[in-house]
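Undergrad: got a predicted structure plus its sequence, pasted below:
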Protein chains: 2
Amino acid sequence: MVSLYGFFITMDREEIALNFKNLQVDIISGLEELDGLGKFELDLWDRPGGGGGITRILNDGSLIEKGGVNFSEVYGALDPKIRSELGMDSNSFYATGVSIVIHPNHPMVPIIHMNVRYFELDDGKYWFGGGIDLTPHYVVESDAKWFHQELKKVCDKHDPSYHPKFSQWADDYFYIQHRQETRGVGGIFFDRLKEDNLKSKRNIFEFVYDVGKSFVPIYSEIVNRNRNKSFTESNKQWQLVRRGRYVEFNLVYDRGTTFGLKSGGRIESILMSLPLTASWVYNYQPAEGSEESRTLTYLKERKNWLI
Amino acid sequence: MVSLYGFFITMDREEIALNFKNLQVDIISGLEELDGLGKFELDLWDRPGGGGGITRILNDGSLIEKGGVNFSEVYGALDPKIRSELGMDSNSFYATGVSIVIHPNHPMVPIIHMNVRYFELDDGKYWFGGGIDLTPHYVVESDAKWFHQELKKVCDKHDPSYHPKFSQWADDYFYIQHRQETRGVGGIFFDRLKEDNLKSKRNIFEFVYDVGKSFVPIYSEIVNRNRNKSFTESNKQWQLVRRGRYVEFNLVYDRGTTFGLKSGGRIESILMSLPLTASWVYNYQPAEGSEESRTLTYLKERKNWLI
């Protein structure tokens, strides 16, 4: 959806926001096809300080138990406290982006998260950020490997230095420090990406947009590889425990969440990332040699999936 | 359990820790009697940097779905980052305390939390802290009022200025800023309490200890008023939503939790406060005029229960 006209001039925020909005529409359509039953409800909202968003939520689908795809375009005064916390030297901000979290009902199908975003400050400084990461309840080696290979392709198309850097960044970012566990099998994460001698603002946007476009085909493949597997009640229990870890990461570490909660963002859109249900069992230790224990070992060892 | 011998000299930390340890034993015994079926398991642990604790957990009782009563006595070097965050000017610390969270299975029985603690720094500075607060899934006015009256009695016995100050402190502390809701119906919260011209260290300890001793009789009365009420599946759903808020408070705001996670505390003992199960429903809005909506109104208006 990059406009041809825009190709020859620098991108302004309106064009970026429009493309993100269209990306949301495409992703919704892809996810509804993948689910086969559920439909995303629509929630339009305004932000009191400026801007607003389009939150789309799918509840109780055939595959998706709770899934959210949020578009937002918000702007306004930057709270001095947040400004100093983020090290931003600006009185106001503009931010637009799409963020997604899908919690499937099937314990053998991974949770997935994707986010693309654009920030702009009042002195004209801007940057792009984003990421995509996979959180299997049960790690399947071949899926994790394939997932990383696909992300590498997306990155390599734009810059061969991206994937090593951004996958390392994801490993560092999606880390539950207090558990000494990764959230899942990683992916890519990047921030503060802007033009330089080699790349224009549009080039950076195109990379970010490609990350967004890769979401549906990548997740569809992962889902289809696993959705017909059988599972037990004990697999469902483990899924709830794994979701508990997801809640811990999002509420304690995730910058989008903690920034959103502190900056008076729309709570329901921020916390749409939380699962419908989660569980905390005191001192849960999977049985030695079990599938649960194998997954935990992967999360503890911070495996590089491309080696 | 205050020793007669100690009455005439200032209290040292060993005496305080011993009393807290005995308090834990008494509370365990009171809670097992209240539950009537479940028994608290015992988990002894050492802290790598110094000290350790006794974690007691009751799972799947007749009333208590998940309850933890933790005693800890920890000491060691104070991480410079945490030191500056807490504004503490000391290289090392000593802390001992008892903390409790009880999640009942019955949706008409409230969640309760109690904590008493003692801190000491290497320059001899010390202080006591603590609190007790009630989180009903469904607010019952007469129970909330009685709860506050009982806490007022405990406070008034020691200092008539305590209750107004400490109940206000609880209202401010147990507040979910991003939801603009109180966690429950409040209680008391206090910190940095130490001797002054009117009170000795032992006087302060005696107040803190009385707060601890009040826990079992107060919670038992609240439980017995509600445990035989009937409930529906929809009441259980609401209980899960309310527990989700409890998770949000503990992971985002609770100082004991966030300090513990950052300072390398024992994760399982810190997160024993989280419920067995919780739920996040996107944009959940109770029906107008429902009991759920009435409870939400109480949480939003920050009611003073003694008026």
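TA: Right, received. Where do you want to start?
Undergrad: what are the phi and psi values at the residue most central in space within chain A?
TA: By C-alpha atoms, centre = their mean, the mean C-alpha position of chain A lies nearest to residue A:114, the distance being 2.5 Å. The phi/psi pair for residue A:114 (degrees, to the nearest 10) reads phi -140, psi 150.
Undergrad: what sits opposite it in the beta ladder?
TA: Residue A:114 forms beta bridges with residue A:100, residue A:132, as assigned by DSSP bridges.
Undergrad: how about the helix or strand of chain A with the lowest mean pLDDT as CSV, C-alpha atoms only?
TA: Least confident helix or strand of chain A, by mean pLDDT, DSSP states H and E, is helix A:80-86 with a mean of 75. C-alpha atoms of helix A:80-86 as CSV (Å, rounded to 0.1, in the frame of the first residue of the first chain):
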residue,chain,number,x,y,z
PRO,A,80,7.6,15.5,31.9
LYS,A,81,8.0,12.5,34.1
ILE,A,82,7.7,10.1,31.1
ARG,A,83,9.9,12.4,29.1
SER,A,84,12.8,12.1,31.6
GLU,A,85,12.2,8.3,32.0
LEU,A,86,12.5,7.8,28.2
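Undergrad: so what's residue A:231 up against?
TA: Counting by C-beta atoms under 8 Å, 6 or more residues apart in numbering or on different chains, residue A:231 touches A:106, A:107, A:108. Any C-beta I mention is one placed from the backbone N, CA and C, and that applies to glycine too.
Undergrad: which of the residues you listed has the most neighbours?
TA: Neighbour counts for the contacts of residue A:231 (other C-beta atoms under 10 Å in any protein chain shown) peak at residue A:107, which has 23 neighbours.
Undergrad: hmm, who's touching the least confident helix or strand of chain A?
TA: The contact list for helix A:80-86 (C-beta under 8 Å, 6+ apart) reads A:88, A:89, A:90, A:259, A:262, A:263.
Undergrad: what number of residues lie near the last one?
TA: In terms of burial, residue A:263 registers 21 neighbours under the definition other C-beta under 10 Å.
Undergrad: state the distance from the residue nearest to it when sequence neighbours are not counted to chain B.
TA: Nearest-residue entry for residue A:263: residue A:82, 5.4 Å, with adjacent residues in sequence omitted and distances by C-beta to C-beta, 6 or more residues apart in numbering or on different chains. Distance of residue A:82 to chain B, given as C-beta to the nearest C-beta, to the nearest Å: 14 Å.
Undergrad: swap in residue A:216?
TA: Counting by C-beta to the nearest C-beta, the gap from residue A:216 to chain B is 21 Å.
Undergrad: doesn't that residue belong to a helix?
TA: Yes. Under DSSP: H, G, I helix; E, B strand; the rest coil, residue A:216 falls within a helix.
Undergrad: just give the closest residue to it, not the sequence neighbours.
TA: Nearest residue to residue A:216, sequence neighbours excluded (C-beta to C-beta, 6+ apart): residue A:30, at 3.3 Å.
Undergrad: for that neighbour, give me its contacts.
TA: A:215, A:216, A:217, A:220.
Undergrad: roughly how far does whatever residue of the stretch 101-250 of chain A ends up closest to chain B sit from residue B:74?
TA: Nearest residue of the stretch 101-250 of chain A to chain B (C-beta to the nearest C-beta) works out as residue A:178 at 4.3 Å. Counting by C-beta to C-beta, to the nearest Å, the gap from residue A:178 to residue B:74 is 16 Å.
Undergrad: then residue A:148?
TA: Residue A:148 sits at a distance of 41 Å from residue B:74 (criterion: C-beta to C-beta).
Undergrad: and chain A, which residues reach chain B?
TA: A:43, A:57, A:59, A:66, A:68, A:177-179, A:240, A:244, A:247-248, A:251-252, A:258, A:261-262, A:267-268, A:271-272, A:274-283 (C-beta under 8 Å from any C-beta of the partner chain).
Undergrad: report the buried members of the residues you listed.
TA: Buried by 16 or more other C-beta atoms under 10 Å in any protein chain shown: A:43, A:57, A:59, A:66, A:68, A:178-179, A:240, A:244, A:247-248, A:251-252, A:258, A:261, A:267-268, A:271-272, A:274-282, out of those.
Undergrad: as a markdown table, the contacts of helix A:80-86 with secondary structure, distance to residue A:225 and pLDDT would be great.
TA: A markdown table is the format used below for those (DSSP: H, G, I helix; E, B strand; the rest coil; distance: C-beta to C-beta, whole Å; pLDDT from 0 to 100):
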| residue | secondary structure | distance to residue A:225 | pLDDT |
| --- | --- | --- | --- |
| A:88 | coil | 42 | 73 |
| A:89 | coil | 47 | 75 |
| A:90 | coil | 45 | 81 |
| A:259 | helix | 34 | 83 |
| A:262 | helix | 39 | 82 |
| A:263 | coil | 39 | 74 |
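Undergrad: and the residues you listed, which two are the farthest apart?
TA: Using C-beta to C-beta, these reach their maximum pairwise distance at A:89 and A:262, which is 18.5 Å.
Undergrad: which parts of the stretch 101-250 of chain A are helices?
TA: With DSSP state H, counting those that start in this stretch applied, the stretch 101-250 of chain A shows helices at A:141-156, A:162-173, A:201-226, A:233-252, listed in chain order.
Undergrad: out of those, which is closest to residue A:20?
TA: Closest among the helices of the stretch 101-250 of chain A, once you apply C-beta to C-beta, is helix A:201-226, at 7.7 Å.
Undergrad: how distant is that closest one from the center of its chain?
TA: 11 Å (C-alpha atoms, centre = their mean, to the nearest Å).
Undergrad: what packs against that helix?
TA: Here helix A:201-226 touches helix A:13-35, strand A:92-104, strand A:111-121, strand A:126-135, helix A:141-156, strand A:187-193, going by 3 or more C-beta pairs under 8 Å, 6 or more residues apart in numbering or on different chains; DSSP states H and E.
Undergrad: what are the phi and psi angles of the nearest residue to residue A:183 once chain neighbours are set aside?
TA: Counting by C-beta to C-beta, 6+ apart, residue A:183 lies nearest to residue A:174, which is 4.1 Å off, once chain neighbours are set aside. Taking degrees, to the nearest 10, you get phi -90, psi 60 for the backbone angles of residue A:174.
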